[in-house]
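Visitor: Structure for this input, please:
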Amino acid sequence: MQQKFGAAVSWSADDREGQGAASVCQSQSKLALPLAPGGVLWMTGLSGAGKSTLAQRLKAQLAADRCLAIVLDGDILRSGLNADLGFSSEERLENIRRTAEVAALFRDSGFVVVCALISPEAAHRQLARSIVRERYFEVHIDSSVAVCESRDPKGLYARARRGELREFTGISAPYEPPSSPDIAIDTAHSSVDDAAERLHAFVRNRIRPLTVEA
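Guide: Alright, predicted model coming up:
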């Protein structure tokens, strides 16, 4: 049975990287891969759209390929690196700036970096693109407010409706969908497996990751 978005997910992936010399993954794509390894997937979408779920699933798939990959999840970053930031437009911009700078460093080391942040404004995503520059791919994790609110895995939409959360994207703050993302995933009509496989294929076709030999 295919997993649906919003369902409980348990992760048992081992995050430890194998030891050994790095070598370049081979791709079956007909597209010419960039000479330099590594790249950044910038996932944008509403809370509850499935960004974190897909980011972790993609990381697990890349780990199975023995490719170097890391997830920069907005919720986790806000508990540490960006713990001092709120949710005003200016603070969201700084949240994006810090995350993009970290993503660029990992990218330069050959990692596939999967960034999962709401990134509600086009200006925010443009800032990320300007920082990362090369091998930056915008991924729209698309789902309507109604669908995301019906999932509401963290109860955030309910709190926002009660007025407990200010500047909540989709309720009390706007979301500007990307006009021309590199790839769009409609999670309202896709299973987690199907969506993850599309992303995995996209990475293999567009990014030259590094692998770690056994």
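
Visitor: Tell me who's in contact with the residue nearest the centre of the chain.
Guide: Geometric centre of the chain, nearest residue: A116, 3.0 Å, by CA atoms, centre = their mean. For A116, the set of contacting residues under the criterion of CB atoms under 8 Å, 6 or more residues apart in numbering consists of M43, K51, S52, L54, A55, V71, L72, D73, G74. Using the backbone N, CA and C atoms, a C-beta is placed for each residue, glycine as well.

Visitor: Quick one: neighbours of the third one, just the number.
Guide: What that stands for is S52. Neighbourhood size, S52 [other CB atoms under 10 Å]: 22.

Visitor: Could you check which helix or strand contains it?
Guide: In this structure, S52 sits in helix 51-64 according to DSSP states H and E.

Visitor: I'd like to know which elements that helix is packed against.
Guide: Here helix 51-64 touches strand 39-44, strand 69-73, strand 112-116, helix 192-206, going by 3 or more CB pairs under 8 Å, 6 or more residues apart in numbering; DSSP states H and E.

Visitor: now the strands for this protein?
Guide: Across the chain, reading from the start of the chain, the strands by DSSP state E fall at 22-24, 39-44, 69-73, 112-116, 136-142, 183-186, 210-212.

Visitor: With mean pLDDT and distance to A103 added, can I get those strands in a markdown table?
Guide: Below are the strands of the chain laid out as a markdown table (pLDDT from 0 to 100; distance: least, CB to CB, whole Å):
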| stretch | mean pLDDT | distance to A103 |
| --- | --- | --- |
| strand 22-24 | 34 | 19 |
| strand 39-44 | 97 | 5 |
| strand 69-73 | 97 | 6 |
| strand 112-116 | 97 | 5 |
| strand 136-142 | 97 | 9 |
| strand 183-186 | 96 | 17 |
| strand 210-212 | 75 | 16 |
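
Visitor: Let me have the ones you listed in CSV, adding distance to S89 as columns.
Guide: Listed next are the strands of the chain as CSV, based on distance: least, CB to CB, whole Å:
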stretch, distance to S89
strand 22-24, 40
strand 39-44, 15
strand 69-73, 21
strand 112-116, 19
strand 136-142, 19
strand 183-186, 24
strand 210-212, 36
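
Visitor: tell me the pLDDT at the residue of the chain positioned farthest from its centre?
Guide: If you look at how far each residue of the chain sits from its centre, by CA atoms, centre = their mean, the farthest one is R162, at 28.4 Å. We have a pLDDT of 92 for R162.
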